[in-house]
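Participant: Using only what follows, build the 3D model:
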Amino acid sequence: MSGYIEDRWLKKRPNNKTGKRERTAIYGKCTRYRVKGIVGVKGRSFAVLQDAKAWLAHAQTDVRRGEFTDPRDGAINVKEYIESHWWPTRSGDPGTLERIEQRLRGHIIPHLGPLPLNSVGPEALRGWMKRLERDLGPPSIRLIWGTLSGVLQAAVEECRIARNPCRSHSSVKPPSAPAGRLEAWPRERVLTVREALPERYRVLIEIGAGLGLRQGEAFGLSLEDIDFTHEVIRVRRQVKIIGTRQCFAISKSKKLREVPLPSSVAVALRQHVDSWAPIGVTLPWGDPRPPETPAEGKYRKPKTCKLLVVTPQGAALNRNHFNSGVWKPALSDAGVIGEPKVVKGRRVWDQSREHGYHALRHFYASEQLEAGESIVSLAQWLGHSDPAFTLRKYAHFLPRAGAYGKAAIDTIFV
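Facilitator: The predicted structure is shown next:
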């Protein structure tokens, strides 16, 4: 096994005349014993020979097992590790990266940033969790916890720390998901909210509740995506916000999908087109930030689409402006949520996440399952990559649970 201990105060070979090892030039000026020669491991100095021997044996064993971590690599603080090593290597969807950065800057670095990586343990995590619970709910805390766990797992894989404390300590965990299940809006509420919306936006109800599109996909729906002849909608894009700027992007499912077009929805779409002609809107593709390379410039080249629903000024709908200025007032007028409070001259609405535009998508799923459509088909129409996810999310919408099985048994014994 590689590795040895060097005495830095005495020369390796004895004097030919005296038979003794002579002092080196650094005698008494540095730590005496240095462990060296272990492949892939930086040397380490010790004042006491026994300490050097113990560390050498421990390091050799861990290297043989592939478990060696150098404590000096874990001495870097969390903030420096994130900013200098972890974050610069991240890639992926710009919107996802933006949300991760918000969690890092807002909730991880301010509290855990000064701590060395190898000192982030149960006590530090419990104190951090207590801080988060003052201002955030369980869903947000679980997302932040997952981000921290990803950072620490990368440190494990880089051999900076031996274990990920977010995974290895049972005494501290993120809050569990709240009990309960998705509830679909009743049909009457869908129609009431539709009537409360301004006329130019009412077709968004048919798009959400009749086609199951996500909000960004509804905002990005173009006239060219509607095939009235074959009665299908082709979901090709969504409108996203990166930072404060909008762009077109591929849908969340990362692929084109087709959704059946009911005749009643087709009529509503035709009527909308007759009243408000689709307008060409030009936005960057994938990322609104200026490209840094020719490849990025080619990928982010702006695209023009004749969007079905736009603002009165002819711009693509912005989800933040739409939700606060159009959607929530309609919910309030329909009696779904209460009136807003006025704080410093601004309207402030109560939290109503369960009544967001996504509620129309849940309504669509419940109606499809109630009508007897299969989970596999519904998963395809919703853009889910795995039908098992659709089943877990919407299984309680399946009609007459247990009735078919009871009827089958009755045919045997009756």
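
Participant: and Arg234, helix, strand or coil?
Facilitator: strand (DSSP: H, G, I helix; E, B strand; the rest coil).

Participant: give me every residue that touches it.
Facilitator: Asp225, Asp227, Leu256, Arg257, Glu258 (Cβ atoms under 8 Å, 6 or more residues apart in numbering). Just so you know, the C-beta spots here come from the backbone N, C-alpha and C atoms, and that holds for glycine as well.

Participant: Over to Pro294?
Facilitator: Pro294 touches nothing, counting by Cβ under 8 Å, 6+ apart.

Participant: does Lys79 really touch Pro116, like I thought?
Facilitator: No - counting by Cβ atoms under 8 Å, Lys79 stays clear of Pro116, with 10.5 Å between them.

Participant: Could I get the full set of strands for the stretch 251-400 of the chain?
Facilitator: 257-260, 279-283, 303-307, 341-343, 346-348 (DSSP state E, counting those that start in this stretch).

Participant: Output the ones you listed in CSV, with mean neighbour count, distance to Ala316 and mean pLDDT appended to each entry.
Facilitator: Below are these laid out as CSV (neighbours: other Cβ atoms under 10 Å; distance: least, Cβ to Cβ, whole Å; pLDDT from 0 to 100):
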stretch, mean neighbour count, distance to Ala316, mean pLDDT
strand 257-260, 17, 21, 94
strand 279-283, 17, 5, 95
strand 303-307, 17, 6, 95
strand 341-343, 9, 29, 83
strand 346-348, 11, 23, 82
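
Participant: I'd like those laid out as TSV, including distance to Arg13.
Facilitator: Shown next, in TSV, are the strands of the stretch 251-400 of the chain (distance: least, Cβ to Cβ, whole Å):
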stretch	distance to Arg13
strand 257-260	76
strand 279-283	75
strand 303-307	75
strand 341-343	82
strand 346-348	81
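
Participant: quick one on the thing from earlier: which one of the contacts of Arg234 is nearest to Leu132?
Facilitator: Here the nearest of the contacts of Arg234 to Leu132, counting by Cβ to Cβ, is Arg257; it sits at 36.8 Å.

Participant: pretty sure Arg214 contacts Arg361?
Facilitator: Yes - assessed by Cβ under 8 Å, Arg214 is found in contact with Arg361 at 6.5 Å.

Participant: Contact partners for Ala268?
Facilitator: Val203, Glu206, Gly210.

Participant: Tell me which helix or strand the last one sits in.
Facilitator: For Gly210, the enclosing helix or strand under DSSP states H and E is helix 203-211.

Participant: Now do the end-to-end distance for stretch 131-144.
Facilitator: 12 Å (Cα to Cα, to the nearest Å).

Participant: Stretch 5-16 too?
Facilitator: 23 Å.

Participant: now the strands for the stretch 1-150 of the chain?
Facilitator: Going by DSSP E, counting those that start in this stretch, the stretch 1-150 of the chain shows strands at 4-7, 33-36, 44-46.

Participant: Could you dump the ones you listed into JSON lines with distance to Tyr394 added?
Facilitator: Conversion of these to JSON lines gives the following (distance: least, Cβ to Cβ, whole Å):
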{"stretch": "strand 4-7", "distance to Tyr394": "64"}
{"stretch": "strand 33-36", "distance to Tyr394": "59"}
{"stretch": "strand 44-46", "distance to Tyr394": "57"}
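
Participant: Can you report phi and psi for Pro241?
Facilitator: In this structure residue 241 is Ile, not Pro. phi -120, psi 120 (degrees, to the nearest 10).

Participant: Flag the shaky bits of the stretch 301-414 of the chain, pLDDT-wise.
Facilitator: Applying pLDDT under 70 to the stretch 301-414 of the chain flags residues 399-414.
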